[in-house]
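Q: model this:
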Amino acid sequence: MDDKINENLQKLSTWKRIFFMLIFAAIGGMVRMLLWAVILLQIASVLLTGKINTNILDFGRSLSIYTYHILLFLSFNTDVLPFPFAAW
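A: Okay, here's the model as predicted:
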């Protein structure tokens, strides 16, 4: 049992994944803050112009999909690294 644990602790691939998980967890936090800015900009656009800003809408959709890819990686549902290691 202890041999198996020691073997798992010595796997370089596991430590690499943990390293990238920490990086993408931090990136995910920044992206979520940016999404809140997009939300507030869209609210301001609707209040001031009465219309949804399509540029902000597209950017928000793109950020949401990126967040989804980060969460898939962090939850071990995929081994594919999110952007910048994969296409946006």
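Q: what's the distance between the lowest-mean-pLDDT helix or strand in the chain and the middle of its chain?
A: In the chain, no helix or strand scores lower on mean pLDDT, DSSP states H and E than helix 2-9, which sits at a mean of 81. Computed by C-alpha atoms, centre = their mean, to the nearest Å, the chain-centroid distance of helix 2-9 equals 31 Å.
Q: so what touches it?
A: Thr14 (C-beta atoms under 8 Å, 6 or more residues apart in numbering). No exception for glycine: its C-beta is placed from N, CA and C like everyone else's.
Q: can you start the count at 8 instead of 1 from here on
A: All right, first residue 8 from here; so that's helix 9-16.
Q: send me it as PDB with only the CA atoms.
A: Written as PDB, here are the backbone C-alpha positions of helix 9-16 (Å, rounded to 0.1, in the frame of the first residue of the first chain):
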ATOM      1  CA  ASP A   9       2.700   2.500   1.000                       C
ATOM      2  CA  ASP A  10       4.700   1.500  -2.100                       C
ATOM      3  CA  LYS A  11       1.800   2.400  -4.300                       C
ATOM      4  CA  ILE A  12       1.400   5.800  -2.600                       C
ATOM      5  CA  ASN A  13       5.100   6.500  -3.000                       C
ATOM      6  CA  GLU A  14       5.000   5.500  -6.600                       C
ATOM      7  CA  ASN A  15       2.100   7.800  -7.200                       C
ATOM      8  CA  LEU A  16       3.900  10.700  -5.400                       C
END
